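Asks: can't give you the sequence, but here's the structure:
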């Protein structure tokens, strides 16, 4: 027996998950008990450390600690951004132009570890952790990558993971994996037609994607990436705040010493995590600089003020991706916050301010039932792994062919006009072909009706909500305020496509309208009375 | 809320296309989730929606059928079992107690649990006393014991080891039966005790020799996990008599050993009997024998051929010799005859030539007849057989002049050839 797992491989941390028989997903903790396993490798003499243990080495042994290597896979030194490794082992250019690290091993031997080698060792450790947990051999893996990982990097990563003894069943995009995990949590959610923004705030980079989910099939409409924006900036802001505090108290600058900086940073991370859950946190560092200990408390408000700039950057980053997709914030049904940084309550509340009330923000800060944003991606990968496990390699490859994946998508929604002239959508925009949808309607009091098939036209309806008038005119200032405008998207009938008459009906009988677009783009429309033996009226529009 | 359709305006009788819908956009869909898999299978197999729905429906039906074991534990227990003494619960058929006598060792833990729940509902003492009977919890006790055994994997293994009700009995010896129908289930049922899985099964008459050999090789060294703790005599606690307790324990251990040995022997006997009755073994033996004979035949083919060849050669030689002898004999006779014929012809020719002069009246020179005859004799003596023939042919029937001329010519020819001196001749 062997098992298949899902791995989300991040710059800062990675996680592993496995789908159990009953459709649930277990996120696997490594032997240290971490579910978010830091993607860090550290070398002390002959020993290799991995995960949290390696991360702890950043303070004492930064030169032999490899961090932030995920984005460097398959890249050449000249066209890669290696600033991520500034706190750890410096990235160096190798003879073949690739990136590597110079690690001092026992007896002062210098070992050159390439990015590929580091990734392989990281994967081996993950494999061991998974096998320990499951108690079975792990063979297949679904691994997630950011959407901007280009084909060469994907290929390279597949090779590395295969070398580590794991067979890559499929490589999927991080936002889709996260969305899959989120939607699979509740069966009914999966088939709803909605527009999502999946915003992934990691340690050193942020990614966002606008995804249309139509009948369980996802289509990415736009993506945005920002390197450098992430939880590390929050840590830096906190560290800077603490450094100022310390300087004020002890008249010593802790920033001059790399060791002090590392200590500050490590403590800031802990404080940040604590503040995501409680209102106040203490920060205490022994011998921060020149033998002085540092002890202080900080409350959440202070922290949010300190990190205000970074947090607003993140919010505008989400807005950017919506604009990129040619949409407005109004169009978005749900915003899914992913990644460790999404625990920050202020981030979630900031995002909820820019989106209308109808938009649901999924974050543990706003909804205690939401899944852990750090685990969403690997959960999705595990679900996907359990789904494709039963397929042959050939079958998976076949279904990933461009002919299957690249599909025509409906550009405008199609629906019918009802008696009041309102547009009722049947097929929504951005649905992949082939589509089949039906709705139930009634004929009211008339015996003969017509199905007017229209293309929907999107309009924004603005309703002005009058500010409540206070009976006692104590403060007139309020009336000067701009009235609140509530915007919503309303579809009105646009182009008339076809008309289909249905005759000889009894008043108030139930009718069913089925609209179906085949793979080659032919639209079939049929209407029939919902009773035994009724004959459907049909028609088709050629593409 | 369902939408109301507008009333049919006049002038529309049938379906009418007014305009086309906007051009679609080509985008990649994300290859995740089961709805994508459905999408992919629809596109790859080219299924229409209705075909796809049909396939899905079929699949769902199959799943339902698989789960269709709701009647688990509904079996009725016979009177004897219901009356069984709970103190003697070990002798009861525990699977029958739980209503799983069909499934037996194949019952899953979940099935045992469900069966137990059903039976508890039926046989709980509260229910029994409500229906009038008192002290009716005997069977309930057995159910609880059985459940306890079934839920503990170790105990269940011990029970399965001695659950002879699940064994398939081999056919009685010396009766008539189909080997495969009778023995197949026997081995299939014994296979569950093997430590090594999977176990090779009996197969069919068409099985290859390798398969059959592998089968008997496996069963020849069958390693079973059967244990016999279930048959242990209850060990008394050691408060009363420690020695007695130890004695019982020792007895149990030796009893287990004995039972294990017996069981191993049973398997060996079983396999040996099957082997001796296996029609395939007979077939293979026959085939091997035939093969051996064929091999022998082939091996001896060389020498046999040589012998045949030698005999043929000898016969041919004899034949040839005989022929040669016959030929020799006949040729001898012929030669003699020819010689005689030639001699006769020569004589005849000579006589013809000699006579020719006389017939020609010595060419008018009768006075010189003696010379002429002497000359002709001399000439004849010098002529060889061929000349003799030709001269005889020429002189035969010819007139006197031509005879004289022929003889003269012959004489001059002979002289020319140096065979005759002119001086020897008197007349010619």
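Replies: Yep, it's here. If you're wondering where the values come from, they're calculated on a predicted model, not measured in any experiment.
Asks: quick one: contacts of stretch A:271-283?
Replies: Contact partners of stretch A:271-283, identified using Cβ atoms under 8 Å, 6 or more residues apart in numbering or on different chains, comprise A:231, A:234-235, A:238, A:242, A:267-268, A:294-300, A:303, A:343-345, A:365. In short, each C-beta sits where N, CA and C put it, glycine included.
Asks: and that stretch, what's buried?
Replies: Across stretch A:271-283, burial judged by 16 or more other Cβ atoms under 10 Å in any protein chain shown covers A:271-272, A:274-276, A:281, A:283.
Asks: stretch B:169-177 too?
Replies: For stretch B:169-177, using 16+ other Cβ under 10 Å, the buried residues are B:170-171.
Asks: ok, now stretch A:30-40?
Replies: Buried, per 16+ other Cβ under 10 Å, within stretch A:30-40: A:30, A:34-40.
Asks: that older thread, and the buried residues of stretch A:271-283, which two are furthest apart?
Replies: A:276 and A:283 (14.7 Å; Cβ to Cβ).
Asks: picking that back up, which ones among the contacts of stretch A:271-283 map onto strands?
Replies: If you go by DSSP state E, the contacts of stretch A:271-283 have A:294-299 in strands.
Asks: residues near whichever residue of chain B sits closest to chain A, how many?
Replies: For chain B and chain A, the shortest gap (Cβ to the nearest Cβ) falls at residue B:35, measuring 2.7 Å. Neighbour count for residue B:35, taken as other Cβ atoms under 10 Å in any protein chain shown: 20.
Asks: and for residue B:295?
Replies: There are 10 residues near residue B:295, going by other Cβ under 10 Å.
Asks: and it, what helix or strand is that in?
Replies: If you go by DSSP states H and E, residue B:295 is part of helix B:279-359.
Asks: the stretch 301-450 of chain A: helices as residue ranges?
Replies: Secondary structure of the stretch 301-450 of chain A by DSSP state H, counting those that start in this stretch: the helices cover A:308-324, A:345-354, A:376-388, A:393-399, A:402-405.
Asks: which of the buried residues of stretch A:271-283 fall within helices?
Replies: A:271-272, A:274-276 (DSSP state H).
Asks: among those residues, which has the minimum pLDDT value?
Replies: Ranked by pLDDT, these bottom out at residue A:276, which has 90.
Asks: ok, that one to residue B:163 distance?
Replies: 59 Å (Cβ to Cβ, to the nearest Å).
Asks: name the SS class of whichever residue of the stretch 401-543 of chain A sits closest to chain B, please.
Replies: Nearest residue of the stretch 401-543 of chain A to chain B, counting by Cβ to the nearest Cβ: residue A:539, 3.2 Å away. Three-state call for residue A:539 (DSSP: H, G, I helix; E, B strand; the rest coil): strand.
Asks: what residues are bridge-paired with it?
Replies: Beta bridges link residue A:539 to residue A:525, judged by DSSP bridges.
Asks: check residue A:206 too.
Replies: Beta-bridge partners of residue A:206, as defined by DSSP bridges: residue A:201, residue A:226.
Asks: could you measure from it over to chain B?
Replies: Computed as Cβ to the nearest Cβ, to the nearest Å, the residue A:206 to chain B distance reads 20 Å.
Asks: low-confidence stretches in the chain?
Replies: Defaulting to chain A. By pLDDT under 70, the low-scoring segments of chain A are A:1, A:466-483, A:543.
Asks: ah, I was thinking of chain B
Replies: Those would be B:1, B:49, B:59-70, B:73, B:130-135, B:238, B:364, B:397, B:428, if you go by pLDDT under 70 across chain B.
Asks: at 90 what do you get?
Replies: Across chain B, residues meeting the criterion (pLDDT under 90) sit at B:1-143, B:145, B:152-154, B:157, B:160-249, B:267, B:270-285, B:298-304, B:331-332, B:334-428.
Asks: residue at max distance from the center of it?
Replies: residue B:367 (112.6 Å; Cα atoms, centre = their mean).
Asks: residue contacts, that residue?
Replies: Residue B:367 neighbours (Cβ under 8 Å, 6+ apart): none.
Asks: please apply the same query to residue A:375.
Replies: Counting by Cβ under 8 Å, 6+ apart, residue A:375 has contacts A:15, A:17, A:27, A:35-36, A:181.
Asks: swap in 10 Å and give it another go.
Replies: A:8, A:15-17, A:25, A:27, A:35-36, A:178, A:181, A:338, A:340, A:382 (Cβ atoms under 10 Å, 6 or more residues apart in numbering or on different chains).
Asks: also near chain B: which of those, exactly?
Replies: Within the set of these, contact with chain B (Cβ under 10 Å from any Cβ of the partner chain) is found for residue A:181.
Asks: can you tell me which of the contacts of residue A:375 end up in strands?
Replies: By the criterion of DSSP E, membership of the contacts of residue A:375 in strands covers A:8, A:15-17, A:25, A:27, A:338.
Asks: can you list the residues of the stretch 251-400 of chain A near chain B?
Replies: Residues of the stretch 251-400 of chain A lying near chain B (Cβ under 10 Å from any Cβ): A:380-381, A:383-384, A:387-388, A:391, A:395-396, A:398-400.
Asks: which parts of stretch A:316-327 are buried?
Replies: Under the neighbour-count rule (16+ other Cβ under 10 Å), stretch A:316-327 has A:317-319, A:321-322, A:325, A:327 buried.
Asks: again, but for stretch A:7-16
Replies: Neighbour-count burial for stretch A:7-16 flags A:7-16 (criterion: 16+ other Cβ under 10 Å).
Asks: tabulate those residues in JSON lines, adding columns for distance to residue B:94.
Replies: Listed next are the buried residues of stretch A:7-16 as JSON lines, based on distance: Cβ to Cβ, whole Å:
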{"residue": "A:7", "distance to residue B:94": "46"}
{"residue": "A:8", "distance to residue B:94": "49"}
{"residue": "A:9", "distance to residue B:94": "52"}
{"residue": "A:10", "distance to residue B:94": "54"}
{"residue": "A:11", "distance to residue B:94": "59"}
{"residue": "A:12", "distance to residue B:94": "57"}
{"residue": "A:13", "distance to residue B:94": "53"}
{"residue": "A:14", "distance to residue B:94": "50"}
{"residue": "A:15", "distance to residue B:94": "47"}
{"residue": "A:16", "distance to residue B:94": "43"}
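Asks: neighbours around residue A:260, how many?
Replies: So residue A:260, with other Cβ under 10 Å, has 24 neighbours.
Asks: in the stretch 251-400 of chain A, what residue comes closest to chain B?
Replies: residue A:399 (3.7 Å).
Asks: quick one: contacts for that residue?
Replies: Applying Cβ under 10 Å, 6+ apart, the residues near residue A:399 are A:170, A:388, A:391, A:405, B:31, B:36-37, B:39-41, B:43-44.
Asks: also residue B:48?
Replies: Applying Cβ under 10 Å, 6+ apart to residue B:48 gives the contacts A:434, A:436, A:516, A:518-519, B:42, B:54.
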